[in-house]
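1. Have a look at this prediction, sequence included:
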Amino acid sequence: MSQEFDELGTPGTSRVFEPIVVSDESTVVAVYEPEITDDDGYQSEADLEDAFIAQLVAQAYGRLHITKASDLEANLRSQLEKLNAVVFTDTEWKRFFTEKIASKSDGIVEKTNRIQEDHVQVLVRDDGTSKNIRLIDKTNVHNNSLQVINQYQTEGAGGGAKRSHRYDVTILINGLPLVHVELKRRGVALKEAFNQIDRYQRESFWSDSGLFEYVQLFVISNGTHTKYYANTTRERRIKEAEGGKRGKKQTSNTFEFTSWWTDANNKRIGDLTAFTKTFFARHTLLNLLTRYCVFDVARTLLVMRPYQIVAAERILQRITTATNYKQLGTLAAGGYIWHTTGSGKTLTSFKTAQLACRLPGVQKVLFVVDRKDLDYQTIREYERFEKGAVDGTNNTAHLKRRLEDPDSTIIVTTIQKLSRFIEQNNGHEIYSGHLVLIFDECHRSQFGDMGTSIRKAFKRYHLFGFTGTPIFAENAGSSGRPLRTTEQVFGDKLHTYTIVDAINDQNVLPFRVSYQNTVRVADHVIDKQVEAIDTDEVLMHPDRISGVTEYILDNFDTKTKRTAGYTLGDKRVRGFNSMLAVSSIAMLRLYYDEFAKQQTERKALDPGYQPLKVATIFSYAANEEAGGILGDEGFDTGDLDTTSRDFLERAINDYNALFGTSYDTSAAKFENYYKDLARRVKDRDVDLVIVVNMFLTGFDATTLNTLWVDKSLRQHGLVQAFSRTNRILNSVKAYGNIVCFRDLEENVDDALALFGNKDARGIVLLKPYEEYYTAYADLVGDLTSEFPSGEDPLGEEAEKRFAGLFGAILRLRNILTSFDEFAGDTLLTPRQLQDYQSIYLNVHDKHRNRDEPEKESVLDDVVFEIELIKQVEVNIDYILMLVAKWRDAKGDGSDKEMEALVTIQNTIDASPSLRNKRDLILAFVDSMTVSDVSTDWAAFIAERREAELEELIDNEKLKDTETREFVNSAFRAGAVPSGGTAITRILPPTSRFSASGEHGAKKQRVFLKLLTFFERYNGIG
């Protein structure tokens, strides 16, 4: 198959032929058509496993029967000998294995680094010479051997007891376990396979020689659905479970970040048989491991999703073919990628740039972004992938040096700086170089004079654009100077991944859009006309501004889930934050002052009222352009009129007073204000930010869940603005919340049809309230009739039924709580909810901390929604307040004393984090002798903590001083360190390499005990 091009790449002539398919070994299959099968009988988990292995063998995987560590090591030795054409002596192998592969001080991060960045290790031979030993061949992937093993057995520890584990299926690459597959029988929730791997990491992947910590990719499947993810998902999830710190950048940290596999048309391949034929094709799997994983500077392993891989390969194919057919500098040499907002364009473009600069003849890859995107977002993203790639200075001379440096192959710069370079360096030799230019968010940069001058200056280039919202003929404008379409500027569309695809794949969240009527306008008068004719009297009338502000303040807690708690970075936060988008600076001023006025009034009426932290930002910008493109606000505060600039100065002073900063509207400090505000929004320090256009495009904050809209949005701008709210964070954040104070329903439908498809509405938008509530009411009815409040379910089957019902109720409540209609109609009283929650946690603890490790439970298939319970978590201060109430009621002879005590017990039982402190709290209640609850509690905890630590040290024969230093350091850091040698220093002397593995077992047992101790006392002293 081919497409015809003339010498300039124009379709329709017969001068040049460009093949559509360059290689029959594309990593992602072009189109996958599922095979029809008549196999509809029951399939056990063992049957599923057998069929999976048989298929791998048919795909030329070697079949091994290895179930113990010694055989795994022996096979590794032989495979590395084969790959490297070497024969190890026994002493060489022992030295190489213990020092270069299985060092006791290495954990997942070190082993991941060895595969991703340091895969050639040096063997010191017995005769003193050295030889390079490749662990994996990245130059010719077909030199690597693939083997499959199953039911590998190891012994670990969990729940205070030894546990034997049998891993389902593992793929060995040159003898190293680099891919692990966890299978569940059909009908079992896929998340349970994820949880199973989570348990293996805690309890046994570290055991023996720790080779299973080399696993780079995990695959989970229940036969019907199959997903994959990188090892850092596991690593970060463990750190969360340990109460440790996470990076503030939320990636790959929960089940929500696992990925579906698809074909190149984004059609999901979920069935295990189809998945195996495509994902586990030898060249696909090896490409994923060697080309499409990114180990960033934060030591986080990211694996690309199929649509990202397709985009990268299609750009690489276009570079190769355009070079071969001498089409450089023409449209035929480039193209654009339409990947929806939030789909990971930065990772895609980075990997593309990295691979492109390795192609023969390519001298440099320039990644071109808008100034504020570079300074405040892309710079952080790109620096994660390659330190020093970003040219973040305002110095054009620095860019000139980078362009002239042959070692600078990837340069990230701004369109403004590149344009200045062109103005100042007419005829520079770089213009004749073979360059690849990649424009980020190309819909904003493609139409200006700067973009034109860049395209005119360079001669031998490939021009590629990434955009989530392309410019089509439909949104290119029809009056005045029409905009050029994205295709006219960049060339062919090389790949598409729309918002519909992203929501289907659960890579971004759907939207929940509601409309609040604030003004009645005649049907024939459109919003634009109202703004132009009657702004002061209608849209900006004080009563309307006051009413909208009052609605936001009244409903803020509900819409942003301000009562929900979750962990963000190294702190505990409550709820999400939001953005109010308004149509003009004049309207912004009115809203800002009205929020201040109403919050002052509320504080006066209720001293306990917690005001929202409100901030604002804007600068001079042209009016909204054609096609719904939002005007691009820069940092030109000097162009503001006096009234607007004075107001901005006042708003920044309010911000300075709130956060102890010192910004103003001068050019340098205003840019820093933008940067600081962006950071505080992302860190959940700001509750509400009021904007005109700023932050509505290109700004990502996972903590932002609500957009209040009081401006006309349409097409491109509507999708961009809405997409600020739908970044995945955790299971508590289930959708992006849009509250419109304008009638935008038709605009929403038009935009979704343009950038999704005509059926997008049913996928992109949440279902109506009634559908969720009806399902919720049915579940609550079943729950209350089958399990009366306060009564425990009897037997495992009843426990399974209860856990399934209550988990489904939690998920629906999480969606319903932001609907206005749900308030006062929740069907379950707070006490009922607390009782059911306590029972739910009891069932979870019983089956997740089983004392009989070999005993299987029917509840092993149940996914517990603990994160949804944690969002209403109470802290120790609240418990101490209840204790104070109990103390006040004590001895008065009424029922208040018993009621207060029962309230304390119920609150503890319903709290995931306080349940393991129940005996401490109740013992404290029994021991109370003084009136100052806080002082008495602190003394009580200090005494008990010291006694339990002393007992732990004595029982495990630990080094006293070193252990106390270790524990104190953990409490200061907020986590118990699991890697490195810190824990080894507190252990009594044992042989590190004993055949029985005594040292490893001791180390893990002590770690688990210290972790339990830490979780028991952390944050309550």
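-> Cool, got the structure. A quick note: this is a predicted structure, and the numbers were derived from the prediction, not measured.

2. C-alpha only now, for contacts and for neighbours.
-> Fine.

3. Surely Asn693 forms part of a strand?
-> No. Counting by DSSP: H, G, I helix; E, B strand; the rest coil, Asn693 is not part of a strand but coil.

4. What about it? Give its phi and psi, please.
-> phi -120, psi -30 (degrees, to the nearest 10).

5. surely it meets Ala581?
-> Yes. Using CA atoms under 8 Å, Asn693 is in contact with Ala581, at 7.3 Å.

6. residues contacting Ser349?
-> Contact analysis of Ser349 by CA atoms under 8 Å, 6 or more residues apart in numbering lists Ala312, Ile438.

7. please renumber so the chain begins at 23
-> Okay, using 23 as the starting number, the last item reads as Ser371.

8. And what about it, helix, strand or coil?
-> Assignment for Ser371 (three-state DSSP): helix.

9. Please report how far it lies from Leu377.
-> Distance of Ser371 to Leu377, computed by CA to CA, to the nearest Å: 10 Å.

10. same check, this time on Asp429
-> In terms of CA to CA, Asp429 sits 15 Å off from Leu377.

11. So which of these two has more stuff around it?
-> Remark: of Asp429 and Leu377, Leu377 carries more neighbours, 17 against 10, as counted by other CA atoms under 10 Å.

12. so which helix or strand takes in the more buried one?
-> Using DSSP states H and E, Leu377 sits within helix 367-378.

13. next one: whatever helix or strand comes next after that helix to chain centre, how far?
-> Using DSSP H and E, the helix or strand that follows helix 367-378 in sequence is strand 386-391. Put simply, strand 386-391 sits 26 Å off its chain's centre (CA atoms, centre = their mean, to the nearest Å).

14. neighbouring contacts of strand 386-391?
-> By CA under 8 Å, 6+ apart, the surrounding residues in contact with strand 386-391 are 375, 378-379, 430-437, 456-463, 467.

15. pLDDT wise, what is Val989 at?
-> At Val989, the model reports a pLDDT of 82.

16. same question, Thr363
-> Thr363 is given a pLDDT of 84.

17. what sits against the residue nearest to it when sequence neighbours are not counted?
-> Counting by CA to CA, 6 or more residues apart in numbering, Thr363 lies nearest to Gly490, which is 4.8 Å off, once chain neighbours are set aside. Counting by CA under 8 Å, 6+ apart, Gly490 touches Trp360, His361, Thr362, Thr363, Glu463, Thr520.

18. how does it look with 6 Å?
-> Shown in contact with Gly490 (CA atoms under 6 Å, 6 or more residues apart in numbering): Trp360, His361, Thr362, Thr363.

19. just these now: which is nearest Ser92?
-> Taking CA to CA as the measure, Ser92 lies nearest His361 of the contacts of Gly490, at 47.4 Å.

20. That closest one: neighbour count?
-> 25.

21. separation between it and Ala344?
-> Counting by CA to CA, the gap from His361 to Ala344 is 23 Å.

22. Could you list the buried residues of stretch 477-492?
-> For stretch 477-492, burial by neighbour count (16 or more other CA atoms under 10 Å) applies to 477, 479-492.

23. chain center to that stretch, what's the gap?
-> Stretch 477-492 sits 29 Å away from the centroid of its parent chain (CA atoms, centre = their mean).

24. Same check on stretch 964-979?
-> 39 Å.

25. surely Ala286 meets Ala52?
-> Yes. Taking contacts as CA atoms under 6 Å, Ala286 lies within contact range of Ala52: 4.7 Å.

26. who has more neighbours, those two?
-> Ranked by neighbour count (other CA under 10 Å), Ala286 and Ala52 place Ala286 first, with 23 against 15.

27. Give me the sheet partners of the helix or strand hosting Thr518 and which way each runs.
-> Element membership of Thr518, judged by DSSP H and E, is strand 515-519. According to DSSP bridges, strand 515-519 forms sheet pairs with strand 357-361 (parallel).

28. The strand it pairs with to helix 367-378, inter-axis angle?
-> Per axes from the mean of the first three to the mean of the last three CA atoms, to 10 degrees, the angle that strand 357-361 makes with helix 367-378 is 140 degrees.
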